[in-house]
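Undergrad: fold the stuff below for me.
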Amino acid sequence: MRAGDELPPLSVPVTRTLVVAGALASRDYQDVHHDAEAARAKGSPDIFMNILTTNGLVGRYITDYFGPEAVLRKVSIRLGVPNYPGDVLVLTGRIVSLSDHTAEVTVIGTNNLGPHVTGTVMVALPPEPAR
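TA: From the prediction side, this is the model:
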């Protein structure tokens, strides 16, 4: 593993259940995340994913790649276009730097509307086992 390495993409189907469950799990009871009529009344074509669910998916993407002993130290993301049910979020990443058992990774998540999330993750890596 070294700086410049690309992480394999992760495709996440954006289902209505994922959007609602993510909002409930993060205690985000805003109606735009579970009530399609309310979302439409506020100008959205449907319910949409909240930032905490997106943040959790970014974290999952990183720990799936680096392993269960990796520890997220900093997750800095910015949202772009919404994630609506029926879409697919595709996460990609690239290792920017590695030093002292820490990796900096850029992450981009896109859907059919464009970039949904962009950001940087700092992750602490477990030490290599002695040989």
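Undergrad: could you pick out the longest strand of this protein?
TA: If you go by DSSP state E, the chain has its longest strand at strand 87-99.
Undergrad: could you give the angle of whichever helix or strand comes after it to strand 87-99?
TA: Counting by DSSP states H and E, the element after strand 87-99 in chain order, helix or strand, is strand 102-111. On the basis of axes from the mean of the first three to the mean of the last three CA atoms, to 10 degrees, strand 102-111 is oriented at 160 degrees to strand 87-99.
Undergrad: which positions within strand 102-111 qualify as buried?
TA: 103-105, 107-111 (16 or more other CB atoms under 10 Å). C-betas here are computed from N, CA, C, even on glycine.
Undergrad: worst-scoring helix or strand of this protein, pLDDT-wise?
TA: Within the chain, no helix or strand scores below helix 36-41, which has a mean of 90 by mean pLDDT, DSSP states H and E.
Undergrad: off-centre distance for that one?
TA: Relative to the centre of its chain, helix 36-41 is centred 25 Å away, using CA atoms, centre = their mean, to the nearest Å.
Undergrad: between the following helix or strand past it and strand 102-111, how many degrees?
TA: Downstream of helix 36-41, the next assigned helix or strand under DSSP H and E is helix 51-66. Counting by the same axes, to 10 degrees, helix 51-66 lies at 120 degrees to strand 102-111.
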